[in-house]
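Student: when you get a sec, could you give me coordinates for this:
(one chain, ligands or ions: 2)
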Amino acid sequence: MIMSSVKIECVLPENCRCGESPVWEEASNSLLFVDIPAKKVCRWDSLSKGVQQVTVDAPVSSVALRQSGGYVATIGTKFCALNWEDQSVAVLATVDKDKKNNRFNDGKVDPAGRYFAGTMAEETAPAVLERHQGSLYSLFPDHHVEKYFDQVDISNGLDWSLDHKIFYYIDSLSYSVDAFDYDLQTGKISNRRSVYKLEKEEQIPDGMCIDAEGKLWVACYNGGRVIRLDPETGKRLQTVKLPVDKTTSCCFGGKDYSEMYVTCARDGMDAEKLLQQPQAGGIFKITGLGVKGIPPYPYAG
Ligand SMILES: O=C(O)[C@H](O)[C@@H](O)[C@H](O)[C@H](O)CO
Ligand SMILES: [Zn+2]
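Tutor: Ligands and ions are numbered 1, 2, ... in the order given. Have a look, this model is predicted:
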């Protein structure tokens, strides 16, 4: 049953140019996220409502927790460690060295502590870019990198099934949510298939997260919504519309991971659209979904 008590609130009118990679940090009751073109990693304290930010030297496309303290982030084409206290960045590995126009896009840590992230060509406008330039990688805890496949357009949302046997992945311009068999021991993926094809009004699939019932939540860029999918039946179970079109990603957080946080973008909107959607680029909190999420995994290296 879909509960009718769903409430949507803009908790931070931060005006991100392109907000992405929301991650809940339980230890600090905070939401981490990035603003990709602004080259910022941000941390919003849900209790004080204050925001701290670290500016880096290239577009930062994802951030994740690190077991040994601090964070990891994908900056330009580098996997990096980020020390929040002194704002220093240390490079752990570099990818796509032969592709000067590429940058990382979305990333997330797997249940064994590997940091997965894919690349794309830099956009000239939202979703306008040289195609097939991206690849999917993961950074293992010993800092070596494995490449899974290339020919990616816009590497985007990713997560793992609750039993860790399936890896879910979105290449945005395929308009599909895909699944692979996943071997948690080795980090290997196989047997790619589509579990959901987006409908026209859902627009472009972007960030994604799994809930505690094993269902997928996908943020729809230009679609102004998050959708809940059953990856087993391929059916859409729920649509939650937001007052902004360029919804980019979502994660669960808050008390017992019972709240959903959604990021979005302002870039690519004209003046008229920005007047209509003044909250574009803000951070949204959705409550009353009646389903919880799971904690994010920290990078183990
Ligand atoms: O947020 C991201 O993942 C990309 O970096 C964005 O640029 C959008 O996704 C893209 O423009 C639409 O697909
Ligand atoms: Zn994205």
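Student: and the gap between residue 16 and residue 215?
Tutor: Between residue 16 and residue 215 the distance, using CB to CB, to the nearest Å, works out to 27 Å. (Glycine included, C-beta is placed from N, CA and C.)
Student: okay, these two: which has more neighbours?
Tutor: A direct count of neighbours by other CB atoms under 10 Å for residue 16 and residue 215 places residue 16 higher, at 27 against 16.
Student: please name the residues that touch that one.
Tutor: Neighbouring residues of residue 16 by CB atoms under 8 Å, 6 or more residues apart in numbering: 33, 35, 38, 42, 263-266, 281-283.
Student: which ones among these map onto strands?
Tutor: The strands, defined by DSSP state E, take in 33, 35, 42, 263-264, 283 from those.
Student: all helices of the protein, in order?
Tutor: Secondary structure of the chain, counting by DSSP state H: helices at 271-276.
Student: for ligand 1, what's the nearest residue on it?
Tutor: residue 126 (3.5 Å; CB to the nearest ligand atom).
Student: residue 94: what's it in contact with?
Tutor: For residue 94, the contacting residues are 77-79, taking CB under 8 Å, 6+ apart as the criterion.
Student: no wait, residue 149
Tutor: Residues touching residue 149, when contacts are defined by CB under 8 Å, 6+ apart, comprise 135-136.
Student: is it bridged to anything, and to what?
Tutor: For residue 149, the beta-bridge partners under DSSP bridges are residue 136.
Student: in stretch 74-94, which residues are buried?
Tutor: The neighbour-count check on stretch 74-94 (16 or more other CB atoms under 10 Å) flags 74-82, 89, 92 as buried.
Student: got the CA coordinates for it in CSV?
Tutor: Output in CSV follows, covering the C-alpha atoms of stretch 74-94 (Å, rounded to 0.1, in the frame of the first residue of the first chain):
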residue,chain,number,x,y,z
THR,A,74,36.1,11.1,-7.4
ILE,A,75,37.7,14.4,-8.6
GLY,A,76,38.3,14.8,-12.3
THR,A,77,39.6,11.4,-13.3
LYS,A,78,41.1,10.6,-9.9
PHE,A,79,40.1,8.5,-7.0
CYS,A,80,41.1,10.6,-4.0
ALA,A,81,41.2,10.6,-0.2
LEU,A,82,39.8,13.7,1.4
ASN,A,83,40.8,14.9,4.8
TRP,A,84,38.0,17.1,6.1
GLU,A,85,39.9,18.6,9.0
ASP,A,86,42.7,20.2,7.0
GLN,A,87,40.9,20.1,3.6
SER,A,88,43.7,18.2,2.0
VAL,A,89,43.3,15.8,-1.0
ALA,A,90,45.5,12.8,-1.7
VAL,A,91,45.4,11.0,-5.0
LEU,A,92,44.9,7.3,-4.7
ALA,A,93,44.6,6.4,-8.4
THR,A,94,44.0,8.0,-11.8
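Student: can you name the residues of the stretch 101-250 of the chain sitting close to ligand 1?
Tutor: Taking CB under 6 Å from any ligand atom, the part of the stretch 101-250 of the chain that reaches ligand 1 is made up of 105-106, 123, 126-127, 154, 156, 172, 204, 206, 221, 248.
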